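Asker: model the following, please.
(one chain, ligands or ions: 1)
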Amino acid sequence: MPIYEYECPQCGHRFEYLVLSSTPAAECPSCGNRDLKQLISLCSMSSETTRQANLSAAHKKAAGVRGEKTREEHKHLHEHYD
Ligand SMILES: [Zn+2]
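Answerer: Okay, here's the model as predicted:
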């Protein structure tokens, strides 16, 4: 779903607006102005992708750490009962 970022030249309000085929023209939620400046959202999109990539890398790392810890606890359990 395309989300566009608009800036209202009248009051300087910036907002994101989800545009669907049925959506009426965007208007400023602050002052109701419809003469909006559309901001280029490509860079926010690519940073989103980067963030998701970082997130999945972090998840893998966390999973690795978790596995390590479980093994450690398991070993500890054995030591305790031996
Ligand atoms: Zn406005």
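
Asker: C-alpha from now on. contacts and neighbour counts both.
Answerer: OK.

Asker: quick one: the helices in this protein, in order.
Answerer: Taking DSSP state H as the test, the helices found in the chain are 42-81.

Asker: which regions of it sit below the pLDDT cut-off?
Answerer: Residues of the chain meeting the criterion pLDDT under 70: 1, 41-55, 63-70, 72-73, 76-77, 80-82.

Asker: switch to 90 and redo it
Answerer: 1-4, 17-26, 39-82 (pLDDT under 90).

Asker: interface residues of it facing the ion?
Answerer: 8, 11, 28, 30-31 (Cα under 5 Å from the ion).

Asker: of those residues, select the buried ones using a ChimeraX command.
Answerer: Burial among the residues of the chain next to the ion is assessed by 16 or more other Cα atoms under 10 Å; the matching ChimeraX selection reads:
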select :8,28
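
Asker: among the residues of the chain next to the ion, which are located in strands?
Answerer: Of the positions in the residues of the chain next to the ion, not one sits in strands, assigned by DSSP state E.

Asker: using a markdown table, lay out the residues of the chain next to the ion together with distance to Ala62.
Answerer: Output for the residues of the chain next to the ion, formatted as a markdown table (distance: Cα to Cα, whole Å):
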| residue | distance to Ala62 |
| --- | --- |
| Cys8 | 42 |
| Cys11 | 45 |
| Cys28 | 42 |
| Ser30 | 42 |
| Cys31 | 46 |
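
Asker: show me which of the residues of the chain next to the ion is closest to Lys37.
Answerer: Distance to Lys37, by Cα to Cα, is smallest for Cys8 among the residues of the chain next to the ion, at 6.1 Å.

Asker: how close does the closest residue to the closest one other than its chain neighbours get to Pro2?
Answerer: Excluding the flanking residues, the one nearest Cys8 by Cα to Cα, 6 or more residues apart in numbering is Leu36, at 5.0 Å. To Pro2, Leu36 is 17 Å away according to Cα to Cα, to the nearest Å.
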